[in-house]
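Novice: here are the coordinates; sequence isn't available:
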Ligand SMILES: NC(=O)c1ncn([C@@H]2O[C@H](COP(=O)(O)O)[C@@H](O)[C@H]2O)c1NC=O
């Protein structure tokens, strides 16, 4: 067998057309017809071609077998599949086709039933099953396998290439190989969607956790990034459009997003969207240097920025509301890497466009809940996402461990601090006042250092603030630092065997302390 080479163009003489998505079909089939290509097609596609006044052979006339079972069997016939699968580099295949009276196809154009859209529409089990395309993937995979002899087109975006190839004597081998690779991606993504949907059947429900027996996913390369976390690391962004988020954000202004910009913007979005009120999070290295809520985003931003203006330099900012002109003016005063928001009020983008370095992104609000995945060597960790409407968010569910019940204002601050501290990497201690962080200690390998950091960063503001700890205090040394700095109240999960020591310390300082019963590690 001779290996195909770059020069091997195969003239397009006969095409099989079977598409669910009929966009662009008219222009394609007119072009094919004008170039003298014989068209063979299935039910609805053939009808459309016929209505355009173009000659078309219906698949059932070719096979001598009717399309049946509500379209479950149309192209599943040797006269179709032998015509697609014959390797025309092999004289024996060519001879067999002649003996069998089968004509080969040079081009297959097919795209599949909309299974994913049907599932997303909330259709019934039977309706979803009906949208599992069988004949389409068989045809597509057959043509893709036989790319040395056949060109396979699975996207209307490639129709212009088909029309161009007609004028060039057909596709080259390299072009057919590329089309085949696209086709295998098309059917693989399709099967992953079907298997993910059906996979729940394999779930072992005896453990009550409800995790599927199999997890699949497909991502398409969106962009090669300048570099990764460091300049010597190459990196790329991949998208999964079934779960749109930051990767699908529209960039309105600024330089290309970097790897670290994406990591920080993702963390910023999670922090900001954890609140119902207008909220702003300023993130550096995936940790908050300020989080605040306010009457509007401008107030929230002002107060988040005040938390740690030194660290906010070069930060990534997310809001859970449209960026107002007032907020944009404030942001323009500070060197900022990225702003990501669900929208921008009229005029806000114009204000920020004056800053050539800031990247402005619009992304759909973050969906709360769901699961998150983290690859580890040899596997994947999957967990429910934390931080959203979690147990323990509501102060009514807290236990007063010591001191007077907090006033409504202090309780509101404690509730804010409790939510905000989960945006910081463990061990996290967050001091807050009036709905804004004033000092954050995070990412330390012991809780005492996090307390020191939070208090140091807060300075004078520590006095009268409230403190949240993302997990219990194992000893009283950490809380003592907070108490010495003058915090008015503390909220923490409780549950240490030495809780009594912490309670005693708070009691001695006359400080109220609540236990939430839940913790919010973030690693
Ligand atoms: N069953 C078959 O033999 C079969 N052959 C092709 N199809 C699909 O039928 C659709 C096109 O149908 P129509 O031309 O009737 O609109 C395409 O999405 C194609 O993938 C089939 N349908 C489903 O399995």
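Specialist: Sure, I can see it. Computed from a predicted model, the values in this text were never measured in an experiment.
Novice: contacts and neighbour counts: CA atoms only from here.
Specialist: Will do.
Novice: Let me see the ranges of the helices in the stretch 1-150 of the chain.
Specialist: Using DSSP state H, counting those that start in this stretch, the helices assigned to the stretch 1-150 of the chain run over residues 25-34, 43-51, 59-63, 78-85, 91-100, 115-120, 125-130, 135-145.
Novice: So for residue 265, which of these sits nearest?
Specialist: Judged by CA to CA, the one of the helices of the stretch 1-150 of the chain that comes nearest to residue 265 is helix 115-120, at 27.4 Å.
Novice: Okay, buried residues for that closest one please.
Specialist: 115-116, 118-119 (16 or more other CA atoms under 10 Å).
Novice: wait, which of the residues you listed is closest to residue 134?
Specialist: residue 115 (11.3 Å).
Novice: show me the residues around the closest one that make contact.
Specialist: 128, 131-133, 190, 193-194 (CA atoms under 8 Å, 6 or more residues apart in numbering).
Novice: what's the answer for residue 474, then?
Specialist: 496-499.
Novice: Helix, strand, or coil at it?
Specialist: At residue 474 the chain is in coil, as set by DSSP: H, G, I helix; E, B strand; the rest coil.
Novice: Tell me which residues touch residue 270, please.
Specialist: 366, 423.
Novice: With the ligand as the reference, measure out to it.
Specialist: Applying CA to the nearest ligand atom, to the nearest Å, the value for residue 270 to the ligand is 39 Å.
Novice: same thing with residue 223?
Specialist: 29 Å.
Novice: For that residue, give its distance to residue 475.
Specialist: 48 Å (CA to CA, to the nearest Å).
Novice: Give me the more crowded residue out of those two.
Specialist: Neighbour tally, residue 223 and residue 475, criterion other CA atoms under 10 Å: the higher count belongs to residue 475, 17 against 14.
Novice: thought the more buried one was touching residue 504?
Specialist: No - assessed by CA atoms under 8 Å, residue 475 is found out of contact with residue 504, at 11.1 Å.
Novice: you'd agree residue 435 is up against residue 299?
Specialist: No - here residue 435 does not reach residue 299: they are 10.6 Å apart, not a contact under CA under 8 Å.
Novice: Let me know which of the helices of the stretch 1-150 of the chain is tucked in deepest.
Specialist: Burial of these is given as mean neighbour count (mean count of other CA atoms under 10 Å); helix 135-145 ranks first at a mean of 23.
Novice: what about that helix, near the ligand?
Specialist: Yes - judged by CA under 6 Å from any ligand atom, helix 135-145 comes into contact with the ligand through 135-136.
Novice: Who are the packing partners of that helix?
Specialist: Packed against helix 135-145 by the contact rule (3 or more CA pairs under 8 Å, 6 or more residues apart in numbering; DSSP states H and E) you find helix 78-85, strand 107-111, strand 151-153, helix 173-199.
Novice: Quick one: these as JSON lines, columns for distance to residue 260 too.
Specialist: Conversion of the helices and strands packed on helix 135-145 to JSON lines gives the following (distance: least, CA to CA, whole Å):
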{"stretch": "helix 78-85", "distance to residue 260": "47"}
{"stretch": "strand 107-111", "distance to residue 260": "37"}
{"stretch": "strand 151-153", "distance to residue 260": "37"}
{"stretch": "helix 173-199", "distance to residue 260": "28"}
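Novice: out of the ones you listed, nearest to residue 489?
Specialist: So among the helices and strands packed on helix 135-145, helix 173-199 is nearest, using CA to CA, at 47.1 Å.
Novice: check whether that closest one contacts the ligand.
Specialist: No - figure legend: helix 173-199 not in contact with the ligand (CA under 6 Å from any ligand atom); closest approach 10.4 Å.
Novice: which helices and strands does that helix pack with?
Specialist: For helix 173-199, the packing partners by 3+ CA pairs under 8 Å, 6+ apart come out as helix 115-120, helix 135-145, strand 151-153.
Novice: Relative to the whole chain's centre, how far out is the very next helix or strand once past that helix?
Specialist: Where DSSP states H and E defines the elements, the next helix or strand beyond helix 173-199 is strand 220-225. Relative to its chain's centre, strand 220-225 lies at 13 Å (CA atoms, centre = their mean, to the nearest Å).
Novice: likewise stretch 148-164?
Specialist: 29 Å.
Novice: For that stretch, give the mean pLDDT please.
Specialist: Taken as a whole, stretch 148-164 has a mean pLDDT of 97.
Novice: do stretch 484-500 as well
Specialist: So the average pLDDT for stretch 484-500 ends up being 97.
Novice: List the buried residues in that stretch.
Specialist: Buried-residue list, stretch 484-500, by 16+ other CA under 10 Å: 485-495, 499.
Novice: So which of those residues are in strands?
Specialist: Residues of those located in strands (DSSP state E): 489-492.
Novice: and these as CSV, adding distance to residue 238?
Specialist: Shown next, in CSV, are these (distance: CA to CA, whole Å):
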residue, distance to residue 238
489, 45
490, 42
491, 40
492, 38
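Novice: Looking at those residues, which is nearest the ligand?
Specialist: Distance to the ligand across those (CA to the nearest ligand atom) is lowest for residue 492, with 56.1 Å.
Novice: The residue of the stretch 201-350 of the chain found nearest the ligand - how many residues pack around it?
Specialist: The ligand sits closest to residue 242 of the stretch 201-350 of the chain, with a gap of 19.6 Å, by CA to the nearest ligand atom. Using other CA under 10 Å, residue 242 has 13 neighbouring residues.
Novice: Checking it next. Helix, strand or coil?
Specialist: Of the three states, residue 242 takes coil under three-state DSSP.
Novice: got a pLDDT number for it?
Specialist: On the pLDDT scale, residue 242 gets 82.
Novice: Equivalent analysis for residue 1, please.
Specialist: 51.
Novice: Also the one 4 residues further on?
Specialist: The predicted local distance difference test score for residue 5 is 49.
Novice: Kindly report the same for residue 114.
Specialist: 94.
Novice: That one contacts residue 130, correct?
Specialist: No - between residue 114 and residue 130 there is no contact under CA under 8 Å: 10.2 Å.
Novice: List the residues that contact residue 25.
Specialist: Contacts of residue 25 (CA under 8 Å, 6+ apart): residue 156.
Novice: any idea how far residue 33 is from the ligand?
Specialist: 17 Å.
Novice: now the helices of the stretch 1-150 of the chain as CSV including distance to residue 9?
Specialist: Formatted as CSV, the helices of the stretch 1-150 of the chain follow (distance: least, CA to CA, whole Å):
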stretch, distance to residue 9
helix 25-34, 16
helix 43-51, 26
helix 59-63, 26
helix 78-85, 17
helix 91-100, 18
helix 115-120, 34
helix 125-130, 38
helix 135-145, 16
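Novice: Could you say which one of those helices comes nearest to residue 470?
Specialist: Short answer: helix 115-120, nearest of the helices of the stretch 1-150 of the chain by CA to CA, at 36.3 Å.
Novice: domain parsing for this structure?
Specialist: The record's domain parsing of the chain by the TED database lists 14-199, 249-362, 395-515.
Novice: And those: which comes nearest residue 216?
Specialist: Residue 216 lies closest, by CA to CA, to one member of the domains of the chain: domain 14-199, at 5.9 Å.
Novice: can you give me the offset of the closest one from its chain's centre?
Specialist: Per CA atoms, centre = their mean, the centroid offset for domain 14-199 relative to its chain is 30 Å.
Novice: Can you say which of the helices of the stretch 1-150 of the chain is nearest to residue 255?
Specialist: Residue 255 lies closest to helix 115-120 among those, at 34.2 Å (CA to CA).
Novice: Could you find the closest non-adjacent residue to residue 336?
Specialist: Among residues not flanking residue 336 along the chain, residue 314 sits closest, at 4.5 Å (CA to CA, 6 or more residues apart in numbering).
Novice: hang on, the earlier thing: who touches both of residue 475 and residue 504?
Specialist: Joint contacts of residue 475 and residue 504 (CA under 8 Å, 6+ apart) do not exist.
Novice: would you turn the domains of the chain into CSV with distance to residue 387?
Specialist: CSV is the format used below for the domains of the chain (distance: least, CA to CA, whole Å):
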stretch, distance to residue 387
domain 14-199, 26
domain 249-362, 7
domain 395-515, 7
